[in-house]
Structures are given as C-alpha cells and as structure tokens.
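Enquirer: I would like the atomic coordinates for the input below:
(chains A and B)
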Number of protein chains: 2
Amino acid sequence: MAVKVGLLGLGTVGAGTAAILLDPAGRHPLMTDIEICRVGVRSLDKPRPVEISPDCLTTDLESIVTDPEVDIVVEVMGGLEPARSLILKAIHQGKHVVTANKAVIARYGDEIFTAANEAGVYVLLEAAVGGGIPVIQPLKQALGVNRIHAVTGIVNGTTNYILTRMQAEGGDFEPILADAQKLGYAEADPSADVDGLDAADKIAILASLAFGGRINLADVHSEGIRHVSAADIAYADQLGFVIKLLAIARRDTCPVSNEVLDQLELRVHPTLVPKSHPLASINDVYNAILIEGEPIGQVMFFGPGAGAGPTASAVVSDILSIAASLKSQGAVTTQAPNPLLACTHQHYCKVSPMADIVSRFYVRLLVEDQPGVIGELGTCFGNHAVSIESVVQIDLHNGVAEIVVVTHEVLEANFQTALDQIRAFPGIQTVPSVLRVL
Amino acid sequence: MAVKVGLLGLGTVGAGTAAILLDPAGRHPLMTDIEICRVGVRSLDKPRPVEISPDCLTTDLESIVTDPEVDIVVEVMGGLEPARSLILKAIHQGKHVVTANKAVIARYGDEIFTAANEAGVYVLLEAAVGGGIPVIQPLKQALGVNRIHAVTGIVNGTTNYILTRMQAEGGDFEPILADAQKLGYAEADPSADVDGLDAADKIAILASLAFGGRINLADVHSEGIRHVSAADIAYADQLGFVIKLLAIARRDTCPVSNEVLDQLELRVHPTLVPKSHPLASINDVYNAILIEGEPIGQVMFFGPGAGAGPTASAVVSDILSIAASLKSQGAVTTQAPNPLLACTHQHYCKVSPMADIVSRFYVRLLVEDQPGVIGELGTCFGNHAVSIESVVQIDLHNGVAEIVVVTHEVLEANFQTALDQIRAFPGIQTVPSVLRVL
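Expert: Numbers count the residues shown, from 1 in each chain, chains lettered A, B, ... in the order given. This is a model prediction of the structure:
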C-alpha cells in the first residue's frame, strides 16, 4: 500500500518536492510507493509548475492534517503561524511530519518534539539546515557515535554570496547587498539573513542534534555582517584570512585545565578564517558544515544551501526515511520508534555567556598619528592579559593612522574591558571594526 | 536487552571499534545498549590497547559467527579469506554483518548481498569507503531520491598524500613514495594504493549504491600514479591544474544527443583538476567524494579517509543503525528489512568501454626541435576530430623540445588513434605522459 503524503504549501520548495515525487523513475525504488494525496495552497487558480490533480488541491489546510488517509504531513509553507499549529495538529492526529521550517523548529522545537514523542511519530527536518546537504541525518546517525566537540558552519547562502563578492570585487556591503536583492539572492527585507538570525536558527538546530540537548534560541549570540567593510576584508586578506559569517556551536573547555565542560558556546558572527581552513574556500551561495569529534576528527559537508531542487531533495529524503520505516513495520503498529529517527533528548543545554568564551580578535582603530599610541594600546591590552599576535599601522592622512591588531586567544571579557578603556584614550578617534578570528 | 556484537579481528580498526563501544558516555544514548560479547583474535596473549575480558577472546572465529548469542558480526580482519567465508557463514546463521572490507565487498558483493537478502539480514559497510566520512549511508538514504549523474572521489589517502607532497616539494614519485613508506603512509608493497586498485574497489562500491546496480570489478578501468612526474605537476600547475588520483563513476550521455544513457563510465586515473574545483583543494591523506545529481546539484563529503579512529567511527555507526532497527523492532521478528538499510538491486550495470568515453586530455611529448612539428601534431589530431585547447612548447637542449598539449573534450578512441600515429612520427622521441583532464 502506498504511503500517503499531504503537502502544506506549493511554493518553490513545495513544487520542487512534488516534482520529485511525481517523477520517481531513476530514483530510489521505494519512491514509487509514495503518493501525494492532498496539497494545501492559498489559491486554487494559480498556475503551477507541476501537474497536481485538482481533486488533491485544497485551501483548507486543517483538512489535510486531520485527513485519516494522510500518513505524512509535509510542511513547506514557511513562517511561524499557522505552520506551528498545523504541525502540532498533525502530530496530535498521529501523523509523521517533515518540515523545512528552521524558524519554527528553532523556536518551538521543544513543544513539537515533546508532542511527537508522546504521539510516537517522527518529525524530520533535513531541509531546515544546509538546503540539500545531508547533515541532519548524518548528525543523528553516522556521527552519533562520536563525542562531538564542535559544529562550525557557513549556513546562510545570502551572506556568503555578499561576502564572496565583497572579497572578489573589493566592494562595500551596501551596494553589493542592493545588487544581491536585484538578482534575487537577498530578500527585500534582508534582516534575517544579514543580521545573522537565520544562521542562529540553524546553529541552534545543529547544536541540539550534535550535543543531544534542547537549545534556547535566546542563548545564541548573533552578530550580522552589516558592519564588515571592504577595508576589513582587505586587511584580512593581507593577514592571510577571508571573512565568513560562521555559525559556531562548541563544547566549552576549561581555559585552565583544558577539560571538556558540560556547557556550550553558541554564536554567529563574521569571522576571520585562515585561508588554509576548509571553510575558507566555500564561496557564493554554497553552504558547508564542519563537524569535529572524537574519534572521527574533522568531516565537512558541502553543497547548495538553498534553491528549490536541493531543498526539495532534502524534504523528499525525509519522506523516504519515514516511508521506509513504515514499509518495514508493515502491519505491525505496536513497534517502537526508531531511536535514530526520533528525537528524545529533553533537557536544555547550558550555554556559556559570551564574556566567558576564548577567542582570537581582530580590531581596527583610527588613531591620531602621534608617538606612543601603539605602546599605550599594547600596555592596556597587556594589563588585561590580552596578548597580541600582530599589529599593522598604516598612515592615512591629516595626521590619522589606522591600526589593525590581531590578538592571541584571550578571554572575551578581558578583551572587551581592555577595548572599553582603549576607546576612551584621548588619541583614539574610532574603533570601526571588532571581529573574531578562528 | 542489549544488542550483542561479535568482533572478528582486534587490529587497528578492531581495537578502535572496541574503544568506542567500551566508552559510550557522551555518545548516542543507544550505545549503552550495545555490548561486545565475543572477540576473535589470532593470538590470545598479545597485549591490546583496549581492555577486553579474557572470557570474550577466542582464536576460533567460526565459533563467533555461529554463536546464538551474537546479533551482529563485525568483520574488521581484512583480507579476502577467511573474511569472505566468515561473512557468508554469519549471514547464513541469520546474523547482521558490519564490515570495513572493501576488497571483499567489491569482489564478492554479489554473493554476499544475495545471501543477505535471502536470510533477511543487513550487511553494512560505511567504513569500506572514505574512512570516517559518512558517504555510504547518505548515498543509500538522503541522496537516494536524486537521479545521480556522477560520483567523483579522492578515495585513496596514500596516493593523495604522495601527490600533495609532489606538488608542494616539486619532487618525483619514487623518493616521496619511499619517504611515505618510512612514515607509515604507504605499505611496504604499495601496489594496491599507487596502482589505483584500492580506489577501483571503492568506486565500484560507490557506483553500485549510486546507480542501484551491481558492478563487475573487472569493468573498472584503473591507472595508478607511478608515471606521474614532477614535470607533469609543474606544467599542470602553470596551466591552472593540480593532479589528483580520481575515482569516477558517471552515467554516460550520448555525445550527439546529450541524452542520458543506461550505462556507466567507471574509471580510476590521475587527472588534471582545475584549481577552482572543490576536489582540487583536498590534500594530504584526506578523502573527499563529490556527488552530482538531479535535483540536488553538487554535494561533497570531506574527511579523514583512514586511521583507526575515523574508520572505527564508521564501523560503529553501522552497528548503531542495526541496533536501532533491532530496538524498534522489539520482539517482532516477522518484520520486513528496512529498504534503506538493505541492498536489493540484483542486475549488473552496463559499463562503457574506455574507447567510448569523452574526456579532455593532457599529453607531454619530447620532440626534435625542428620546424613544422607542432603543425604535424595539430594536423594529425585534427584529422581524428581531436580539437586542441592549448599548446605549450619549451625548448630544452641538444635540439630537443618539450610540447604539452591539452585537448578539448574528445572521444577517447579518436584521441588514442591520433596519438598512436603521432608516436610513429619521425620527429617524436617519446611521449612520457598522457593524462586525462577533468
């Protein structure tokens, strides 16, 4: 008997999903056993890129999540509501759920997975992070035998596209954002992307899987790329770095004993990445996720982070996983959920405040070009245990010099205290950029 | 009830596997339900890096595969026999099997998977390709919804290490091989690695999964890296390429209509890879596998291709998958195998002869430095529909010049015919290198 899918939404991802399911030849043989039986849309009359029988279409989305025929509800409508309510209603009706909705999962994952566990159904979300890149499944399955130390990702295609172009063209943020908007690589309201909020949603989801605990989204420190300038990219380049918006989840270690602690660092910020690092060469709209653990070392997954086809590939792969599980279960309904598909952890992860993290820093200062400024800077940093790796001073004009400092690994609290004092020095005009260094 | 594992072999990978299983804290919670109950070794007295109860150890490997207690037999002994016979015996006893043995699977996969399907057991082999990199599971599961067009991999760490050093140092093959042997990166008998045989085993396995058919290992065309010289690497570098040993499985397209055909190209050979290609920056002993399909586009998996820890991570991930399936099955024994874990295809893939493939070529010739040689070369290539992309001529000494030709995409048969004629030209001294270009 075919596994029956109810699709909520027939936009870009929904239509891509339908296109794969309606054309199973040459794909996994099990796909011929999956059938789209209901599709929820906003308007019945809109022309569609895929052929869906008009009998399947409805504007009544609730009728899909309550339809006894439907085995799997696929939520590809986006937005917080009614997506969240429909997902919860589907779960309460005993339906498995596949969703591409990172925003809903990052905010309401707690409620949704608690409900799913009670109902004994799966909620899968491969498409929520990294578009088509299989990363959720490997984290839950193949990599689950490792003790994960860190997940570091370029998980937002829009900002990676903008930074790649800033790097290639030497251009500034605003005009390239405007061009990206014209070309469809950035939204009219670009805030979710360029302010790091989309990446924060995604790293919260990845961290939850990697570290086996729930994440409070408010615990993710998030900085965007609006303040990254062409000057910073040029200095970084000279120093052997590229600037990327990284989403980082890392198990904390004690700075003294180096012992691994039971708390996490969770942060999204533009970062100077050494050019030899595997993430440095991930360009344009591509995404990549680097996972480090014991005993595996480093593995990286790279691919298209967005787009109808790749995202639909991830959605359908989740549908396939559930269909395979249902097929193997057969008529047996007393079966326990597969622990590699289910999400059972219930505690919240403890997250370190930013003041406690250890990082290298890049700071660019405009100073009055007078003797002793570098000495004062160095003394102040030294007084706060901030050890300096390199200093570059460039004389600009009108008696103004630009100083770029890169520190060794230091405690964030110490660095920020030193920087606050430095900002108040009489010779310091402005501090246009403070960035972290990987 | 715990899932019970019988381990065949306690060498590097076996000890790594035991180390993970014996120390489950901080890994997937299900790992606490997995227990090593039998371990087969050659000598009982040898000191081991892991603590295994002496009661578990035995030199009688047959007794493990027939032990009614054992749920999963893990073959990490390597070699063709007795590994193959023990795997088959385990299957006939109704045991699931996890193996890291690419050589056995590439040669006897047919026999093994037929037996496994009859017995209703799983044979999983994540560790057989790409060490710790999860690539088998994603190919069978997340990527299975795609129509795969090509799998292109750097799947042999030894040759990648040698080629990376040749590139970095400008050195020749032999001395770097000798050094790699001293450092433990190459075997005393390096043939399986440097002649491309190990990569051939691996691409046969990947192709079988990607294209859903069995592969006759003899159909994989395999060339090693012994004839790659420092001169070739230097010319390639000037032309914008690095040389990598690639393993390629690709669905053939008709050169005229561009239609996708139901036959494959399967080949392992040193290849000029454009520096901007994602595989070009995979260095040292790292492996990477690039998968192209519809609608996903390109995804790449990167990580450590060998080593006790990474390989053991892959072995244990397979054990975990089977344990999860057994746990979810509970007391129900009539359940059908999960179609995403099982391997059900039975037909053999049709493989194109090398003469029919289309590729770019790089050829280096030593010629007598006399007028008209390039003209003669060009005419001969032209007569066989071999279109030339670039020609470089360097005057050496004693009236000898070196010519490097890179062609456009041409039919291999045409290129080889032209080259045979060129070899017979009176002005041609030798043709030291013929390499393919990606």
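Enquirer: the domain parsing of chain A - what is it?
Expert: A:3-132+A:308-329, A:136-304, A:357-437 (automatic domain parsing).
Enquirer: Name the residue most distant from the centre of chain A?
Expert: A:P371 (45.2 Å; CA atoms, centre = their mean).
Enquirer: Kindly provide the distance from that residue to A:E402.
Expert: According to CB to CB, to the nearest Å, A:P371 stands 16 Å off from A:E402. For the C-beta atoms, the positions are set from N, CA and C on the backbone; glycine is no exception.
Enquirer: got it, and A:E292?
Expert: 35 Å.
Enquirer: helices and strands of chain A: which one has the lowest mean pLDDT?
Expert: strand A:388-395 (a mean of 89; mean pLDDT, DSSP states H and E).
Enquirer: C-terminal to that strand, what's the next element?
Expert: strand A:400-407 (DSSP states H and E).
Enquirer: dump the residue contacts of the closest residue to A:I282 other than its chain neighbours.
Expert: Computed as CB to CB, 6 or more residues apart in numbering or on different chains, the closest residue to A:I282 that is not its neighbour in sequence is A:A288, at 4.3 Å. The neighbourhood of A:A288, defined by CB atoms under 8 Å, 6 or more residues apart in numbering or on different chains, consists of A:133, A:153-154, A:278-279, A:282, A:300-303.
Enquirer: repeat that with 10 Å
Expert: Counting by CB atoms under 10 Å, 6 or more residues apart in numbering or on different chains, A:A288 makes contact with A:130, A:133, A:135, A:152-155, A:160, A:244, A:278-279, A:281-282, A:300-303, A:305, B:278, B:300, B:302.
Enquirer: between the strand or helix carrying A:P310 and helix B:308-329, what angle do the directions make?
Expert: Assigning secondary structure by DSSP H and E places A:P310 in helix A:308-329. Orientation of helix A:308-329 against helix B:308-329 (axes from the mean of the first three to the mean of the last three CA atoms, to 10 degrees) gives an angle of 50 degrees.
Enquirer: relative orientation of the next helix or strand after helix A:308-329 and strand A:400-407 in degrees?
Expert: Past helix A:308-329, further along toward the C-terminus, the next helix or strand under DSSP H and E is strand A:358-368. Here strand A:358-368 points in a direction 170 degrees away from that of strand A:400-407 (the same axes, to 10 degrees).
Enquirer: Just checking the distance from strand A:358-368 to the centre of its chain.
Expert: Averaging C-alpha positions (CA atoms, centre = their mean, to the nearest Å) puts strand A:358-368 27 Å from its chain's average.
Enquirer: Would you mark the buried spots in the helix or strand following it?
Expert: Next helix or strand after strand A:358-368 toward the C-terminus (DSSP H and E): helix A:373-383. Across helix A:373-383, burial judged by 16 or more other CB atoms under 10 Å in any protein chain shown covers A:373, A:376-377, A:380-381.
Enquirer: Out of these, flag the one nearest to A:V104.
Expert: Nearest to A:V104 among the buried residues of helix A:373-383: A:F381, at 43.7 Å, using CB to CB.
Enquirer: which ones are touching the closest residue to the closest one other than its chain neighbours?
Expert: Nearest residue to A:F381, sequence neighbours excluded (CB to CB, 6+ apart): A:A418, at 5.0 Å. Neighbour list for A:A418: A:361, A:363, A:377, A:379-386, A:407, A:410 [criterion: CB under 10 Å, 6+ apart].
Enquirer: Let me see the contact set for the residue nearest to A:S317 when sequence neighbours are not counted.
Expert: Excluding its sequence neighbours, the residue lying closest to A:S317 (CB to CB, 6+ apart) is B:A142, at 4.1 Å. Shown in contact with B:A142 (CB under 10 Å, 6+ apart): A:126, A:132-138, A:141, A:313-314, A:316-318, A:320-321, B:134, B:296, B:299, B:340.
Enquirer: Can you give me the pLDDT of B:A142?
Expert: Here the pLDDT value assigned to B:A142 is 88.
Enquirer: and if you look at the one 5 residues further on?
Expert: In this model, B:R147 is scored at 95, pLDDT.
Enquirer: ok now do it, which residues does it touch?
Expert: Residues near B:R147 by CB under 10 Å, 6+ apart: A:20, A:23-27, B:210-211, B:251, B:260, B:292-296.
Enquirer: Next: A:S208.
Expert: A:105-106, A:109-110, A:113, A:139, A:214-215, A:249, A:343, A:345, A:348-349.
Enquirer: does it count as helix, strand or coil?
Expert: Secondary structure, DSSP: H, G, I helix; E, B strand; the rest coil: A:S208 is helix.
Enquirer: Can you show me the helices along chain A?
Expert: Ranges of helices in chain A, per DSSP state H, are A:12-21, A:61-65, A:83-92, A:102-119, A:136-140, A:157-169, A:173-183, A:191-194, A:197-211, A:230-239, A:308-329, A:373-383, A:412-423.
Enquirer: pLDDT weak spots in chain A?
Expert: A:330-335 (pLDDT under 70).
Enquirer: which bits of the stretch 101-250 of chain A sit near chain B?
Expert: Residues of the stretch 101-250 of chain A found near chain B (CB under 10 Å from any CB of the partner chain) are A:126, A:130-148, A:211-212.
Enquirer: follow-up on the earlier one: who wins for proximity to B:I233 among the domains of chain A?
Expert: Short answer: domain A:136-304, nearest of those by CB to CB, at 19.6 Å.
Enquirer: Quick one: end-to-end distance for the closest one.
Expert: Terminal residues of domain A:136-304 lie 15 Å apart, using CA to CA, to the nearest Å.
Enquirer: The closest residue to chain B within the stretch 151-300 of chain A and B:T12, how far apart?
Expert: Residue nearest to chain B within the stretch 151-300 of chain A: A:P295 (2.9 Å; CB to the nearest CB). Distance, A:P295 to B:T12, by CB to CB: 12 Å.
Enquirer: Can you check which residues contact both of the two?
Expert: Contacts common to A:P295 and B:T12, judged by CB under 10 Å, 6+ apart, are B:307-309, B:311-312.
Enquirer: Can you flag the buried ones in these?
Expert: Using 16+ other CB under 10 Å, the buried members of the shared contacts of A:P295 and B:T12 are B:307-309, B:311-312.
Enquirer: follow-up on the earlier one: could you restrict the shared contacts of A:P295 and B:T12 to the ones contacting chain A?
Expert: B:307-309, B:311-312.
Enquirer: Next, the buried residues of stretch A:251-258.
Expert: By 16+ other CB under 10 Å, the buried positions in stretch A:251-258 come out as A:251-252.
Enquirer: What's opposite A:N287 in the beta bridge?
Expert: Note on A:N287: beta-bridge partners by DSSP bridges are A:G303.
Enquirer: what residues are up against it?
Expert: Applying CB under 10 Å, 6+ apart, the residues contacting A:N287 are A:129-133, A:135, A:153-157, A:160, A:202, A:301-306, A:310, B:299.
Enquirer: any idea how far it lies from A:Q181?
Expert: Taken as CB to CB, the span from A:N287 to A:Q181 is 20 Å.
Enquirer: and if you look at A:A128?
Expert: 24 Å.
Enquirer: my read: the residue of the stretch 151-300 of chain A closest to chain B touches B:G132, true?
Expert: Yes: contact criterion CB atoms under 10 Å: A:P295 and B:G132 qualify, at 8.0 Å.
Enquirer: Between these two, which is the more surrounded one?
Expert: B:G132 (30 against 21; other CB atoms under 10 Å in any protein chain shown).
Enquirer: Neighbours of the spatially closest residue to that one that is not a sequence neighbour, how many?
Expert: Nearest residue to B:G132 in three dimensions, chain neighbours excluded: B:P310, at 2.7 Å (CB to CB, 6+ apart). By other CB under 10 Å, the residues close to B:P310 number 26.
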